[in-house]
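[1] got a predicted model here, sequence first, then my questions.
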Amino acid sequence: MTNSPKAIKNFPFPFKSDAYMYSVNIQPVTNEALFDVDEHYHGEIEERDRILQADKSGRYFAFPHMKDAQWDALEIIMNDLADYYPESFTLTQEGDRWTWLNKKLNLEDTFTFLDETTLPYEPFEYISRQVQEDIILLDQREGDLFLDAGILTFPASWSLDFDAGMRFEEFHGPVPRAHELGVFKKAKAFLMRVQIGKPWTRLNWTMTVNRRLDTSLETYADWGSDRNTVTLDNCGEKVHLRVEVQRFVRLPRSNGLMFPIHTYLISLEELVTNPDWTRRLYQVLKNLPPDLVEYKGLSLYHHTVITWLSQVVDEPELAEFHS
């Protein structure tokens, strides 16, 4: 599964400058889909189904008090897909009788809105099985945000099962520097003020060895050793920049927040076809503090990637970096 030239052109490269440090990094979403349907749709939906069959209890959950939030999520996702991808998705509403058509999966269901007995799964699970994004639902109460529902099949080194029910700053606890800088305190205050119909977005990044979306803690035994296999000879093919496009959407009935996460991968050999991206990634990795290198899981191949980039970056003086 490789990127097409169009996909590379549309890849959400995360660095606007040559420096990197944690920031709130939030922008409004205007006149664009909340959910992306790209050339990897069928492959990623099949991968999601496989993961859920193997470990549903660790990858999907919704606490009982999240029923309204589940229906909120279903309604927003169906309308978003039908509005932005009408050739593939159709939603017909006749009062509380809704018919959902997903042409990509040859799926058609008629159900009663707010009656989950008319769907084959819980409403949140039903619709989240049809999108490429991982999705977290946050309940807002007691002056805080709680991770009280989610589907997570393509995580970057964390566990939904472990974080279930945690407060916002608790499930962000392992992130270095950000707490001291007040990043999550500011982010939570902002998120709690997000308004209905005014979603926001941000980018997050790390790196992954091999084209693997599922780097969950539960499957660490399957991918952890891959980080020992990176060499200068295979670096361009094996190492991928991994970018998450994260959205923040207020849910109208429950007053919770929906947090879709779409993960994109691009190999270094694809990335270096863009000289500006190459230079910026090189500088970011070169100057990344050691604790962030460790947190992002890069320590075993960080130097190898920098050395490899220094040989292809379009600035001769940078090729002198070997320390």
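    Okay, I see it.
[2] where does the stretch 1-150 of the chain have low pLDDT?
    1-7, 17-24 (pLDDT under 70).
[3] residue boundaries of the helices in it?
    Assigned by DSSP state H, counting those that start in this stretch, the helices in the stretch 1-150 of the chain fall at 5-9, 41-59, 67-84, 123-128.
[4] ok, residues contacting the second one?
    Contact with helix 41-59 is made by 1, 60, 104-105, 129-130, 132, 151-154, 159-161, 213-214, 216, 218, as judged by CB atoms under 8 Å, 6 or more residues apart in numbering. Backbone N, C-alpha and C define where each C-beta goes, glycine included.
[5] what do you get for the last one?
    For helix 123-128, contacts defined as CB under 8 Å, 6+ apart pick out 60, 62, 66, 69-71, 73-74, 77-78, 116, 119-120, 135, 137, 149, 151.
[6] neighbours of residue 50, how many?
    12 (other CB atoms under 10 Å).
[7] wait, residue 201 touches residue 27, no?
    Yes: using CB atoms under 8 Å, residue 201 makes contact with residue 27 at a distance of 5.7 Å.
[8] related to what we said a few turns ago, put the buried members of the contacts of helix 41-59 into a ChimeraX selection.
    A single ChimeraX command selects the buried members of the contacts of helix 41-59 (16 or more other CB atoms under 10 Å):
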select :60,129,130,132,151,152,153,154,159,160,161,213,214,216,218
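[9] number of nearby residues for the closest residue in space to residue 198 that isn't next to it in sequence?
    Of all residues not flanking residue 198 in the chain, residue 28 sits nearest, at 6.9 Å (CB to CB, 6 or more residues apart in numbering). By the criterion of other CB under 10 Å, residue 28 has 8 neighbours.
[10] look up how far residue 247 lies from residue 28.
    Residue 28 sits 11 Å away from residue 247, taking CB to CB, to the nearest Å as the criterion.
[11] what do these two both touch?
    199, 200, 201.
[12] compare these and tell me which is most surrounded.
    That'd be residue 199 among the shared contacts of residue 28 and residue 247, by other CB under 10 Å, with 21 neighbours.
[13] OK, contacts around it?
    28, 29, 34, 247, 248, 249, 250 are the contacts of residue 199 under CB under 8 Å, 6+ apart.
[14] and those residues, which is closest to residue 309?
    Set against residue 309, the nearest of the contacts of residue 199 by CB to CB is residue 247 (30.2 Å).
[15] helix or strand: which one has that closest one?
    Assigned by DSSP states H and E, residue 247 falls within strand 239-250.
[16] what's the spacing between that strand and its chain's center?
    4 Å (CA atoms, centre = their mean, to the nearest Å).
[17] the helix or strand following that strand vs helix 41-59, what angle?
    Using DSSP H and E, the next helix or strand after strand 239-250 towards the C-terminus is strand 257-267. Angle, strand 257-267 to helix 41-59, by axes from the mean of the first three to the mean of the last three CA atoms, to 10 degrees: 120 degrees.
[18] paired strands for strand 257-267, with orientation please.
    strand 134-141 (antiparallel), strand 239-250 (antiparallel) (DSSP bridges).
[19] now render the ones you listed as a markdown table, adding distance to residue 84.
    Output for those, formatted as a markdown table (distance: least, CB to CB, whole Å):
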| stretch | distance to residue 84 |
| --- | --- |
| strand 134-141 | 17 |
| strand 239-250 | 13 |
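[20] dump stretch 27-46 to PDB, restricted to CA.
    Output in PDB follows, covering the C-alpha atoms of stretch 27-46 (Å, rounded to 0.1, in the frame of the first residue of the first chain):
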ATOM      1  CA  GLN A  27      -6.900  25.900  13.600                       C
ATOM      2  CA  PRO A  28     -10.600  26.300  12.600                       C
ATOM      3  CA  VAL A  29     -12.100  23.800  10.100                       C
ATOM      4  CA  THR A  30     -13.900  25.800   7.400                       C
ATOM      5  CA  ASN A  31     -15.600  24.400   4.200                       C
ATOM      6  CA  GLU A  32     -13.900  21.000   4.400                       C
ATOM      7  CA  ALA A  33     -14.900  17.500   5.400                       C
ATOM      8  CA  LEU A  34     -14.400  16.300   8.900                       C
ATOM      9  CA  PHE A  35     -13.700  12.800   7.700                       C
ATOM     10  CA  ASP A  36     -11.400  11.900   4.800                       C
ATOM     11  CA  VAL A  37     -12.100   9.100   2.300                       C
ATOM     12  CA  ASP A  38      -9.000   8.400   0.300                       C
ATOM     13  CA  GLU A  39      -7.500   5.600  -1.900                       C
ATOM     14  CA  HIS A  40      -6.700   3.500   1.200                       C
ATOM     15  CA  TYR A  41     -10.400   3.300   2.300                       C
ATOM     16  CA  HIS A  42     -11.000  -0.300   1.600                       C
ATOM     17  CA  GLY A  43      -7.700  -1.500   2.900                       C
ATOM     18  CA  GLU A  44      -8.000   0.400   6.100                       C
ATOM     19  CA  ILE A  45     -11.600  -0.600   6.700                       C
ATOM     20  CA  GLU A  46     -10.600  -4.300   6.200                       C
END
